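*Asks:* Sharing a sequence plus its predicted fold:
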Amino acid sequence: MALYNFKKIMVVPTSKEFIDITLSKTQRKTPTVVHKHYQIHRIRHFYMRKVKFTQQNYHDRLSQILTDFPKLDDIHPFYADLMNVLYDKDHYKLALGQINIAKNLIDNVSKDYVRLMKYGDSLYRCKQLKRAALGRMCTIMKRQKQSLEYLEQVRQHLSRLPTIDPNTRTLLLCGYPNVGKSSFINKVTRADVEVQPYAFTTKSLFVGHMDYKYLRWQVVDTPGILDHPLEERNTIEMQAITALAHLRSAVLYVMDVSEQCGQTLEQQLELFNNIRPLFANKPLLIVANKCDVKKISELTEEDQKIFADLTAEGISVIETSTLTEEGVMTVKTEACDKLLAHRVDGKMKGKKVHDVLNRLHLAVPAKRDEKARPPFIPEGARIGRKTMEVDAPKRKTERDLEVEMGDDYILDLQKYWDLMNQDEKYDVIPEIWEGHNIADYIDPDIMKEELKVKDEEMQEIRQLAKQIREKRKLKIVCSKDKDVHGPRLPRTVKKVERKTLEKEMGDLGLDMTGKDDSHYAVNARRSRSVGVAKKRKREASVVPTSRTRSQSASRPPRDQSGVRDPKMAKQAKKLMKNQQKDMNRQGKKGEADRHVFDLKPKHLFSGKRKSGTNDHR
Amino acid sequence: MRIEKCYFCSGPVYPGHGTMFVRNDCKTFRFCKSKCLKNFKKKRNPRKTRWTKAFRKASGKELTVDNCLEFEKRRNVAVKYQRELWSKTVEAMRKVEGIKRKRQAQFIFNRLKKGKQLEKEEAISEVKKNIHLIKAPHAGKTKVMEEKMVQKLQDVEMGDD
């Protein structure tokens, strides 16, 4: 349908842009390099290509514009008329005509210059021809500036027109300005048309959609119409007239009973009679709006007579108030029903109906006995059907509650929960316990395990082993602590004190009481009594009584054994000291200490050797 | 809200922690920390990465088959809230948790018994070799030894005679 293409019209560039785009495209998409020394046919081909490419581009874009824009003759007369009203048919056609002419001119220019190019004999000539051709094409486009601008504006407006399907079920609202047409459409559909106290708030057609009897209905809101002859009407009113004229719909003529719109009832009736011819063949309904302010019964006799006349003619008059929503639904249902009936009638009179009727056949089974078998309609469906037809107030929604309570409203979804015990609805449900999801558990079995008995025997052994390890570590620590400087002496050199011996052995568990008679105690006493070692005379006749005793008591110290007199002792001592001098000076531990502290002393390995050896430099 | 399991280390992923990776076959992988995610991206097998629970279970270091582990299982059935059912479940959870811990500990204890056996033997050998460090060999036996010596001497004398 021509409807939807209005949004798909390509953007119409300005003339400057158009030229820029095309020329830059030519530059990019055609080869750019040509030299004087090429063969002449190659040069000619090169330039001809450029001219033809530019022409092609212009042609394509202009053709696209021409095809995109709707032809006023091809579209539905409603849209044709609407466009005429909005954009002036003549201007529109003229603009498109200009574009067409421009397209043809460009084609001609290109043809001519390509022909001329065949006779170009040098690069310079061909180049000039190309320049001339492109220049002429661009000039043609420059002249189209106005048309292109106009078409762009038309395109933008066109894409914003409301999508009114002229053939579907439509309700059309018309009347004076400020009577309540936009309020009505706001109430009945989801449309959100501006409602303001000044006249001509609605300046163009608006569409809303509603559902009734499982069908989609369009509701078209028009700008208000004033009462003057057709020729004097402005664009805005003309839109309303166009809609009235072309759309096959039910017409709802809205009147303001309270005369708040600024027109009296007579004036409104005048208008009604004036545009009556437009209502031919359309189901008509009069909506007496703003009845919350003034009811028809409160009017004067003459005014009431007007309404009575209208009703007598067969046009139903319904009182409504868009403010209190009284009567709005009745209007809707009546209008829809009337229109449906009208449309069905129309279809029945047509030729296509028989195809459909032939397929619609309600097969009724033949009666076999006298028992009545009416159709079964469940209770819920019956109630539902009633509410749909009467549109009784449905149950209170959360939104209604919210509006009612205002700031106090709290969204409490838990009240709708369906649990086994209704009083548990507001419980705080635990989800996690100690790192586990409660949802993963169900009723468990309760089971218990017995603890194992420890092994007692092993405990003892373990304790002993522990003690051993401790003692070992202690010993290691003690020996490390000793910090021995100098030669390590054998254990026999040290004298073992009786006390320490008895203490140690006592710790190890031996019984050390009453050891005065023991060997070590006696010896200790013996050695004390002997004292310092005397010089022993060489007396071979003296036989020691007991070997052990003589040896321990009478052995002289080393520096006195074999020494005859003090003079000799002095000499011996002197010898000893002389021998040790060297070692001491060199810091040696003893005779056997051959350790070299510094293998490579610096003073022997650096510097020049002037005269001397490596022992000194 | 639930605590998920990390794909790599099988640790808990609390709400607001960790990352989730969704593969092209719509399988989701949750990770508790970037360590796990990085290991996953390196294509490491959690069953071979020693510090993960998957390794420990696969190599038999922890309790795997036990009926107390069957209680925690994701059931894809929605159960309507009932206060008593929930409170009973929490109680049961407590008990099951206690039992589970004991059993897991017992399993590990049994596994480490071999070590205890070795320790035992080592202690015994230690005692045998180095008892002299804390106890003299003849501690508490002086009287007996004296008697023995006396006996010997007497025997010798008797023999002489």
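*Replies:* Looks like it came in fine.
*Asks:* Can you get me a residue count around whichever residue of chain A sits closest to chain B?
*Replies:* Residue nearest to chain B within chain A: A:Gly509 (3.0 Å; C-beta to the nearest C-beta). Where C-beta positions appear, they are placed from N, C-alpha and C, glycine not excepted. Look at A:Gly509: counted by other C-beta atoms under 10 Å in any protein chain shown, it has 14 neighbours.
*Asks:* domains in chain B, as residue ranges please.
*Replies:* For chain B, the TED database gives the domain ranges B:1-62, B:64-135.
*Asks:* so which of these gets nearest chain A?
*Replies:* domain B:64-135 (3.8 Å).
*Asks:* can you tell if the closest one touches chain A?
*Replies:* Yes: using C-beta under 8 Å from any C-beta of the partner chain, domain B:64-135 reaches chain A at B:67-68, B:71-75, B:80-83, B:86, B:88-90, B:92-93, B:95-97, B:99, B:102-103, B:106, B:119-120, B:122-124, B:126-127, B:130-131, B:133-135.
*Asks:* So which of those are in strands?
*Replies:* In strands, judged by DSSP state E, none of those are found.
*Asks:* Spell out the residue ranges of the strands in chain A.
*Replies:* Counting by DSSP E, the strands of chain A are A:170-175, A:206-212, A:215-221, A:250-256, A:284-289, A:316-319, A:432-433, A:436-437.
*Asks:* elements contacting the fourth one?
*Replies:* This points to strand A:250-256. Applying 3 or more C-beta pairs under 8 Å, 6 or more residues apart in numbering or on different chains; DSSP states H and E, we find strand A:250-256 packed against strand A:170-175, helix A:181-188, helix A:265-274, strand A:284-289, helix A:328-349.
*Asks:* Measure how far the first one is from the centre of its chain, please.
*Replies:* In this case it means strand A:170-175. Here strand A:170-175 is found 44 Å from its chain centre; the criterion is C-alpha atoms, centre = their mean, to the nearest Å.
*Asks:* low-scoring stretches of chain A, by residue?
*Replies:* A:1-5, A:389-393, A:442-458, A:530-553, A:609-617 (pLDDT under 70).
*Asks:* The residue of chain A closest to chain B against B:Thr142, yeah?
*Replies:* No: using C-beta atoms under 8 Å, A:Gly509 is not in contact with B:Thr142; the gap is 10.4 Å.
*Asks:* Nearest the middle, which residue of the chain would you pick?
*Replies:* The chain I'm using is chain A. A:Leu411 (26.5 Å; C-alpha atoms, centre = their mean).
*Asks:* Chain B was what I was after
*Replies:* Centroid check for chain B by C-alpha atoms, centre = their mean gives B:Ile108 as the closest residue, at 3.1 Å.
*Asks:* can you confirm that one is in a helix?
*Replies:* Yes: under DSSP: H, G, I helix; E, B strand; the rest coil, B:Ile108 sits within a helix.
*Asks:* for it, what are its contacts?
*Replies:* B:61-63 (C-beta atoms under 8 Å, 6 or more residues apart in numbering or on different chains).
*Asks:* Of those, just the buried ones, PyMOL syntax please.
*Replies:* For the buried members of those, the matching PyMOL selection, counting by 16 or more other C-beta atoms under 10 Å in any protein chain shown, is:
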select buried, chain B and resi 63
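*Asks:* Between the contacts of B:Ile108, which sits nearest A:Val11?
*Replies:* The closest of the contacts of B:Ile108 to A:Val11 turns out to be B:Glu62 (C-beta to C-beta; 70.1 Å).
*Asks:* where does the closest one fall, helix, sheet strand or coil?
*Replies:* Strictly by three-state DSSP, B:Glu62 counts as coil.
*Asks:* which one is it nearest to, not counting chain neighbours?
*Replies:* B:Arg56 (4.6 Å; C-beta to C-beta, 6 or more residues apart in numbering or on different chains).
*Asks:* isn't that neighbour right up against B:Thr64?
*Replies:* No: here B:Arg56 lies out of contact with B:Thr64, judged by C-beta under 8 Å, at a distance of 9.2 Å.
*Asks:* Those two: which is more packed in?
*Replies:* Ranked by neighbour count (other C-beta under 10 Å), B:Arg56 and B:Thr64 place B:Arg56 first, with 16 against 11.
*Asks:* What score does the residue of chain B at minimum distance from chain A have for pLDDT?
*Replies:* Taking C-beta to the nearest C-beta, chain A has its nearest neighbour within chain B at B:Ala139, 3.0 Å off. Listed pLDDT for B:Ala139 reads 78.
*Asks:* what about it, distance to A:Lys8?
*Replies:* 113 Å (C-beta to C-beta, to the nearest Å).
*Asks:* which one of those two has more residues nearby?
*Replies:* Between B:Ala139 and A:Lys8, counted using other C-beta under 10 Å, the more crowded position is B:Ala139 (16 against 8).
*Asks:* Identify the residues contacting the residue nearest to the more buried one when sequence neighbours are not counted.
*Replies:* Spatially, and ignoring its direct neighbours in sequence, B:Ala139 is nearest to A:Gly509 (3.0 Å; C-beta to C-beta, 6+ apart). Going by C-beta under 8 Å, 6+ apart, A:Gly509 touches B:135-136, B:139-140.
*Asks:* I'd guessed A:Arg472 sits against B:Ile131; true?
*Replies:* No: at 11.7 Å, A:Arg472 does not count as touching B:Ile131 under the criterion of C-beta under 8 Å.
*Asks:* neighbour count winner among those two?
*Replies:* Looking at A:Arg472 and B:Ile131 with other C-beta under 10 Å, you find the greater number of neighbours at B:Ile131, namely 17 against 14.
*Asks:* Run a quick neighbour tally on A:Ser159.
*Replies:* So A:Ser159, with other C-beta under 10 Å, has 12 neighbours.
*Asks:* pretty sure it contacts A:Lys7?
*Replies:* Yes: applying C-beta under 8 Å, one finds A:Ser159 in contact with A:Lys7, separated by 4.9 Å.
*Asks:* any low-confidence regions in chain B?
*Replies:* Ranges of chain B meeting pLDDT under 70: none found.
*Asks:* Which stretches in it count as helices?
*Replies:* With DSSP state H as the criterion, chain B has helices at B:34-41, B:53-58, B:83-130, B:142-160.
*Asks:* buried residues in the shortest one?
*Replies:* The neighbour-count criterion (16+ other C-beta under 10 Å) identifies B:53-56 as the buried residues of helix B:53-58.
*Asks:* Would you check how far apart the closest residue to A:Gly262 other than its chain neighbours and A:Leu310 are?
*Replies:* Counting by C-beta to C-beta, 6+ apart, A:Gly262 lies nearest to A:Asn178, which is 6.8 Å off, once chain neighbours are set aside. According to C-beta to C-beta, A:Asn178 and A:Leu310 sit 21 Å apart.
*Asks:* In terms of packing, which of the two has more residues around it?
*Replies:* Neighbour count, other C-beta under 10 Å: between A:Asn178 and A:Leu310, A:Asn178 has more, with 23 against 19.
*Asks:* quick one, phi/psi of the more buried one?
*Replies:* Per-residue torsions, A:Asn178: phi 70, psi 20 (degrees, to the nearest 10).
*Asks:* The stretch 301-450 of chain A: helices as residue ranges?
*Replies:* Along the stretch 301-450 of chain A, counting by DSSP state H, counting those that start in this stretch, helices occupy A:301-313, A:328-349, A:353-359, A:379-390, A:398-405.
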